[in-house]
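In: Below are the sequence and a predicted model; questions follow.
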Amino acid sequence: MKAIQWLRSLVFIGQIYVAMLVIAVIYLPWAIADRRGAVAACHAWCRWVRWTLAWMTGLRTEVRGTPPQDEVVIAAKHQSFLDIILIYGAVPRGKFIMKRELLWAPLLGQYALRIGCIPVNRGKRTQAIRKMVADVASGRNDPGQLIIYPQGTRIAPGVKAPYKIGSGVLYTELCQDCVPVACNVGLFWPKRGILRKPGVAVIEFLPRIPSGKPVSVFMAELEQVVEARSNMLMAEAGFDPNPR
């Protein structure tokens with residue numbers, strides 16, 4: 001049975017990357033002419049992934065809470081590629097802080113820039129934060145929801161990792177509300193590997209944290225609400241995030 005699920009997962013993974021290429025090419029003229037075309041292409045692909053994921057692997061997806069429509073910082077728990085797809089697909093004009101190396105990926109890099117993503121160099125923390133703030137500030141006329149991952153990378157369910165200060169710096173410099181996002185998606189779509197497990201993968205938009213709080217207060221509140229709610233979502237799916 002597991003072998004069959006693995007094979008179904010493999011076929012699913014293969015076809016979503018084929019679909020990515022097809023959608024990217026179809027939407028390319030519109031994307032070149034207008035940023036809205038790039039956004040529409042990315043939303044179309046997110047819908048395709050969610051639809052095929054459900055019937056090909058038995059993994060259904062659910063978006064809870066109220067996705068923001070205004071300009072905010074979205075600070076999310078990051079467990080796998082699936083939370084990226086679900087968050088972006090739920091907001092009207094999402095954009096990410098992303099690794100600069102992704103710019104060199106054919107089509108993907110060009111679409112990322114077109115939708116407003118901000119590339120940074122990893123490994124140089126201070127310079128990276130300064131660059132993030134400067135690039136985000138320079139894009140104020142390009143409205144959207146800035147999606148960041150406070151822990152900096154994908155974190156497997158049950159693993160503890162610190163929240164990095166860059167999120168607090170962006171929150172302070174941009175003077176925007178922050179919408180936290182919790183998830184349990186890593187239980188079904190892991191950081192690595194082929195197998196996609198049946199179930200219900202959930203992301204949840206939580207009540208926003210108003211702008212203007214001190215960085216230390218903001219960081220403590222962000223970590224508390226995201227971790228607590230993510231643990232509840234994982235427990236709801238039958239996983240104990242805090243085993244004895």
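Out: Looks like it arrived, so ask away.

In: Can you tell me the SS state at the residue nearest to the spatial centre of the chain?
Out: Nearest to the mean C-alpha position of the chain, by Cα atoms, centre = their mean, lies Ile84 at 2.7 Å. In terms of secondary structure, Ile84 is helix; the call rests on DSSP: H, G, I helix; E, B strand; the rest coil.

In: Report the separation between it and Trp55.
Out: The gap separating Ile84 from Trp55 is 21 Å, by Cβ to Cβ, to the nearest Å. Backbone N, C-alpha and C define where each C-beta goes, glycine included.

In: need the strands for this structure, in chain order.
Out: With DSSP state E, the ranges of strands along the chain come out as 59-64, 73-76, 94-99, 118-120, 145-148, 178-183, 199-205.

In: which stretch among those strands comes nearest Ala44?
Out: Smallest distance to Ala44 across the strands of the chain (Cβ to Cβ): 14.0 Å, for strand 94-99.

In: Would you mind checking the average pLDDT for that closest one?
Out: Taken as a whole, strand 94-99 carries a mean pLDDT of 84.

In: How far does that strand sit from its chain's centre?
Out: Remark: strand 94-99 is offset 9 Å from the chain centroid, using Cα atoms, centre = their mean, to the nearest Å.

In: cool, stretch 69-79 as well?
Out: Centroid displacement of stretch 69-79 relative to its chain, using Cα atoms, centre = their mean, is 8 Å.

In: Would you mind pulling up the elements that the longest helix seen in the chain packs against?
Out: Longest among the helix segments of the chain by residue count, using DSSP state H, is helix 2-33. Identification of packing neighbours for helix 2-33 by 3 or more Cβ pairs under 8 Å, 6 or more residues apart in numbering; DSSP states H and E yields helix 35-57, helix 108-114.

In: Which of those has the lowest mean pLDDT?
Out: The minimum mean pLDDT among the helices and strands packed on helix 2-33 belongs to helix 108-114 (a mean of 87).

In: Identify the residues contacting it?
Out: With contact meaning Cβ atoms under 8 Å, 6 or more residues apart in numbering, helix 108-114 is reached by 20, 24, 31, 35, 38, 41-42, 96, 98, 102-103, 119.

In: Now tabulate those residues in a markdown table and tack on neighbour count and distance to Met1.
Out: Compiled in a markdown table, the contacts of helix 108-114 are given as follows (neighbours: other Cβ atoms under 10 Å; distance: Cβ to Cβ, whole Å):
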| residue | neighbour count | distance to Met1 |
| --- | --- | --- |
| Met20 | 18 | 29 |
| Ala24 | 20 | 35 |
| Ala31 | 22 | 42 |
| Arg35 | 17 | 45 |
| Ala38 | 23 | 41 |
| Ala41 | 23 | 36 |
| Cys42 | 23 | 35 |
| Phe96 | 21 | 37 |
| Met98 | 18 | 37 |
| Leu102 | 14 | 36 |
| Leu103 | 14 | 41 |
| Pro119 | 18 | 43 |
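
In: now those residues as JSON lines including distance to Lys213?
Out: Putting these into JSON lines (distance: Cβ to Cβ, whole Å) gives the following:
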{"residue": "Met20", "distance to Lys213": "39"}
{"residue": "Ala24", "distance to Lys213": "40"}
{"residue": "Ala31", "distance to Lys213": "37"}
{"residue": "Arg35", "distance to Lys213": "32"}
{"residue": "Ala38", "distance to Lys213": "33"}
{"residue": "Ala41", "distance to Lys213": "36"}
{"residue": "Cys42", "distance to Lys213": "31"}
{"residue": "Phe96", "distance to Lys213": "23"}
{"residue": "Met98", "distance to Lys213": "26"}
{"residue": "Leu102", "distance to Lys213": "32"}
{"residue": "Leu103", "distance to Lys213": "33"}
{"residue": "Pro119", "distance to Lys213": "28"}
